[in-house]
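Novice: sequence first, then the predicted structure, then my questions.
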Amino acid sequence: MKLICGLFGLENLYGGEITSYIEISKMAENHGFDSVSLTDHLVMGKNLQNYPFGTFPLPSDSNWFEPLTTLTMIASHTSTIKLATAIIIAPLRNPAVLAKTLSTLDSISNGRLELGVGLGWQKEEYDVAGVSFDEKEERFWETLDVIKLLHGPNPVSFKGQFFEFSDIWCKPEIKQKEIPILFGVKMTDKNANRISAVGDGWIPIKTSPDFIKNGSELLHDAFKKADRSEIPRIRGQLPTQLNEDNIPDLSKTLDCLQLSMDAGLNEVEFFPINFCQSPDQLDLVLGEISKVVK
């Protein structure tokens, strides 16, 4: 079982200071976490009611640090912990620029980058980036095709719906043979087949064991049809359990581990901000999670 520390919100325990991620990531590394993760919003609009997964947890004017830049900072102060996006909204970024940024970060971190990708949900972000919201899915998959191609043997050529180029070199090469890619998308037969062709796993947006089980089975079947011998990586959260005072309860949440594993999770991502109110509590929470999961 791989263990991921979601950094979302933890800077608020340190007065909102972005450099606190260095201390937090070192703490997670010392407790044996496999990865730290950062999420992504290019901008935020006012229409938070359009969030499709319940109530959006933050106001529009909250800070959202750019994940790859922030992970580069963390990479230079850690040595073993992997660096993950969970997720980055890939269609908002030019694929050549994204490929170069990824390969540079992978070089800086000596091959510790893991890429979680998704489409996002805000039309406003697409408007600012000058990208059609209606074409986000097509652009998403083509962006990943271009990145995978640029990270392979060069020179390369490509002709698609949105991008076209001939005899291109993209250096530096990535340190890893391939950067792992996990997909935060709705699991359908079509998406499962696409993931089995270009990716390594799935990041379910919901914590329900039934939701995870249904998607996990689709992806396992797609991997078998694609003659892939490895097991797909399923990275998700445990359902947050509340105590009698309606406050998130870490112990009760950890009790859900086996049920979620039985549903298909083989990597568990925790957001410690749900369970602590100070830096001192953070160290204790990370230790408790590590003891149970490891």
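Specialist: In hand now; what should we look at? Numbering: from 1, shown residues only.

Novice: and the helix or strand containing residue 143, what's buried?
Specialist: Using DSSP states H and E, the element containing residue 143 is helix 136-150. By neighbour count on 16 or more other C-beta atoms under 10 Å, the buried set for helix 136-150 is 136, 139-150. C-betas here are computed from N, CA, C, even on glycine.

Novice: with distance to residue 192 and pLDDT added, can I get those residues in CSV?
Specialist: Converted to CSV, these look like this (distance: C-beta to C-beta, whole Å; pLDDT from 0 to 100):
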residue, distance to residue 192, pLDDT
136, 19, 97
139, 20, 98
140, 15, 98
141, 13, 97
142, 19, 98
143, 19, 98
144, 15, 97
145, 17, 97
146, 22, 98
147, 20, 97
148, 18, 96
149, 22, 97
150, 25, 98
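
Novice: so can I have JSON lines of those residues showing distance to residue 189?
Specialist: Formatted as JSON lines, the buried residues of helix 136-150 follow (distance: C-beta to C-beta, whole Å):
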{"residue": "136", "distance to residue 189": "20"}
{"residue": "139", "distance to residue 189": "21"}
{"residue": "140", "distance to residue 189": "17"}
{"residue": "141", "distance to residue 189": "15"}
{"residue": "142", "distance to residue 189": "20"}
{"residue": "143", "distance to residue 189": "22"}
{"residue": "144", "distance to residue 189": "18"}
{"residue": "145", "distance to residue 189": "20"}
{"residue": "146", "distance to residue 189": "24"}
{"residue": "147", "distance to residue 189": "24"}
{"residue": "148", "distance to residue 189": "22"}
{"residue": "149", "distance to residue 189": "25"}
{"residue": "150", "distance to residue 189": "28"}
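
Novice: check the burial of the closest residue to residue 20 other than its chain neighbours by counting its neighbours.
Specialist: Residue nearest to residue 20 in three dimensions, not counting chain neighbours: residue 14, with 3.5 Å by C-beta to C-beta, 6 or more residues apart in numbering. Neighbours of residue 14 under the rule other C-beta atoms under 10 Å: 16.

Novice: and the one 10 residues further on, by the same measure?
Specialist: For residue 24, the number of neighbouring residues by other C-beta under 10 Å comes to 22.

Novice: pretty sure it sits against residue 8.
Specialist: No: look at residue 24 against residue 8 with C-beta atoms under 8 Å: they stay out of range, at 11.1 Å.

Novice: helices of this structure, start to end?
Specialist: 20-30, 67-75, 95-108, 123-129, 136-150, 189-198, 209-225, 250-254, 257-263, 279-293 (DSSP state H).

Novice: list of residues touching the fifth one?
Specialist: Helix 136-150 is touched from outside by 90-91, 93, 95-96, 98-99, 102, 117, 119-120, 126, 131-132, 156, 158, 160-163, 168, 170, 178, 181, 194, 198-199, with contacts defined as C-beta atoms under 8 Å, 6 or more residues apart in numbering.

Novice: with the first one instead?
Specialist: In this structure, residues lying in contact with helix 20-30 by C-beta under 8 Å, 6+ apart are 5, 7, 10-11, 13-14, 36, 70, 73-74, 77-81, 279, 282-283, 286.

Novice: again, 7 Å this time
Specialist: The contact list for helix 20-30 (C-beta atoms under 7 Å, 6 or more residues apart in numbering) reads 5, 7, 10-11, 14, 36, 70, 73-74, 77-78, 80-81, 282-283, 286.

Novice: how about the spatially most central residue of the chain, phi and psi?
Specialist: For the chain, residue 86 is the residue whose C-alpha lies nearest the centre (C-alpha atoms, centre = their mean; 1.7 Å). When read as degrees, to the nearest 10, the backbone of residue 86 gives phi -150, psi 70.

Novice: so what sits opposite the nearest residue to it once chain neighbours are set aside in the bridge?
Specialist: Nearest non-adjacent residue to residue 86, counting by C-beta to C-beta, 6+ apart: residue 37, 3.8 Å away. Note on residue 37: beta-bridge partners by DSSP bridges are residue 6, residue 84.
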